[in-house]
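K.L.:
give me the fold of what follows.
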Amino acid sequence: MKTSKRYKESVAKIEPGKSHTTEEAVVRVREAASTKFVESVDIAVRLGVDPKKADQAVRGTVSLPHGVGREVRVLVLAKPPKDEEAKGAGAEHAGLAEYLQKIKDGWSDVDVIIATPDVMGEVGRLGKILGPRGLMPNPKSGTVTPDVAKAVKEVKAGKIEFRVDKTGILHATVGKADFESKQLVENIQAFLSTVVRLKPASAKGTYIKSVSLSSTMGPGVRIDRNQVPAR
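P.N.:
This is a model prediction of the structure:
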C-alpha cells in the first residue's frame with residue numbers, strides 16, 4: 001500500500017519505544033491524520049489480565065465528555081408505550097416484532113441496541129446473530145433497562161461500551177482527529193480512569209501494561225503509563 005508523504009513525516013517524528021505525555025501523543029496523532037477525510041482517534045490498552053477467566057474479563061461503559069464525534073444510530077426493542085418513549089428521546093428505531101424479524105433477515109443498520117427487561121426472552125434468541133456483531137443488549141452496559149429514554153440520551157451524548165478482547169487488549173474510539181486537543185485529552189482521561197476503576201481484584205502484577213493512540217490510518221503513538229490516572 002502506498003503511504004502518503006504526510007504519513008511518512010509523522011512516522012519519522014515517532015521514536016521507536018519512546019513514550020509520550022497524553023498531550024504530546026494527541027498532537028502527533030492529529031498531525032498524522034489524513035486531510036482528505038476526518039479520521040477517528042482510537043485507543044488501545046494492553047491489560048495484565050487473563051480474559052479467559054470470567055472474573056478478569058474487563059468490560060464496562062464510560063460517558064466521554066465530548067462524545068465520539070459521530071451520530072450513533074440506536075434501536076430500542078420494547079413494547080408500547082416504551083417504544084414511543086425511546087423515539088421521543090431520539091432513537092432512530094423502536095418497536096419489537098418488526099425489528100426482531102428484520103434482524104433475523106440480516107438487518108443490522110444500527111450502532112447500539114437497547115432493550116427493556118421484559119422482552120429479553122425474545123431478544124435472547126437472537127444472541128448468535130447479535131453477539132458476534134457486538135450488538136447484544138446487556139444489563140452491565142446499561143443497554144437492558146426499563147428507562148429507555150435515559151439510556152438513549154446517554155448513548156447519544158457519548159456513552160460507549162468496551163470489552164477486553166481475547167488477547168487482553170481494550171480497543172475504543174475516543175473522538176475524531178478534528179477535535180480540539182483538549183477535548184481528546186479529556187476523553188482519553190475519562191476512558192482510562194474508568195478502566196482503572198474496573199481493575200479485577202484477582203488481577204495480579206501490572207494492570208495497565210501499555211497504552212497507545214492512533215488515528216484510523218496513522219501510526220500508533222505510545223502514551224507513558226505514568227499518565228494513566230490513579231485509581
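
K.L.:
per-residue confidence averaged over the lengthiest helix in the chain?
P.N.:
Criterion DSSP state H: the longest helix present in the chain is helix 181-197. Averaged across helix 181-197, pLDDT comes to 96.

K.L.:
ok, and what's touching that helix?
P.N.:
Around helix 181-197, the neighbours that count as contacts under CB atoms under 8 Å, 6 or more residues apart in numbering are 22-23, 26-27, 29-30, 41, 43, 45, 47, 58, 60-66, 162, 170, 172, 174-175, 179, 207-208, 211, 213, 223, 227-231. For every residue, glycine as well, the C-beta is placed using N, CA and C.

K.L.:
how much space separates the residue nearest to the spatial centre of the chain from residue 160?
P.N.:
The residue lying closest to the centre of the chain (CA atoms, centre = their mean) is residue 172, at 3.9 Å. Using CB to CB, to the nearest Å, we find residue 172 at a distance of 6 Å from residue 160.

K.L.:
ok, back up a step: per-residue pLDDT, the residue nearest to the centre of the chain?
P.N.:
For residue 172, the pLDDT comes out at 95.

K.L.:
run through the bridge partners of it.
P.N.:
Note on residue 172: beta-bridge partners residue 43, judged by DSSP bridges.

K.L.:
distance of it from residue 164?
P.N.:
11 Å.

K.L.:
also residue 153?
P.N.:
In terms of CB to CB, residue 153 sits 27 Å off from residue 164.

K.L.:
got any ranges where the protein has weak pLDDT?
P.N.:
Across the chain, residues meeting the criterion (pLDDT under 70) sit at 1-16, 230-231.

K.L.:
so residue 31 sits in a helix?
P.N.:
Yes: counting by DSSP: H, G, I helix; E, B strand; the rest coil, residue 31 falls inside a helix.

K.L.:
could you report the neighbour count for it?
P.N.:
15 (other CB atoms under 10 Å).

K.L.:
for this protein, which segments count as helices?
P.N.:
Taking DSSP H, the helices of the chain run over residues 5-13, 22-32, 82-89, 97-104, 120-123, 127-130, 148-157, 181-197.

K.L.:
so which elements touch the fourth one?
P.N.:
Packed against helix 97-104 by the contact rule (3 or more CB pairs under 8 Å, 6 or more residues apart in numbering; DSSP states H and E) you find strand 74-77, helix 127-130.

K.L.:
return the set of buried residues in that helix.
P.N.:
99-100, 103 (16 or more other CB atoms under 10 Å).

K.L.:
so that helix versus helix 82-89, what angle?
P.N.:
Interaxial angle, helix 97-104 versus helix 82-89 (axes from the mean of the first three to the mean of the last three CA atoms, to 10 degrees): 80 degrees.

K.L.:
can I get the CA coordinates of helix 97-104 in PDB?
P.N.:
What follows is helix 97-104 as a C-alpha-only set of coordinates in PDB (Å, rounded to 0.1, in the frame of the first residue of the first chain):
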ATOM      1  CA  ALA A  97     -41.800  -7.800  16.500                       C
ATOM      2  CA  GLU A  98     -41.000  -5.900  13.300                       C
ATOM      3  CA  TYR A  99     -37.300  -5.400  14.300                       C
ATOM      4  CA  LEU A 100     -36.800  -8.900  15.600                       C
ATOM      5  CA  GLN A 101     -37.800 -10.200  12.200                       C
ATOM      6  CA  LYS A 102     -35.600  -7.700  10.400                       C
ATOM      7  CA  ILE A 103     -32.600  -8.800  12.500                       C
ATOM      8  CA  LYS A 104     -33.400 -12.400  11.700                       C
END
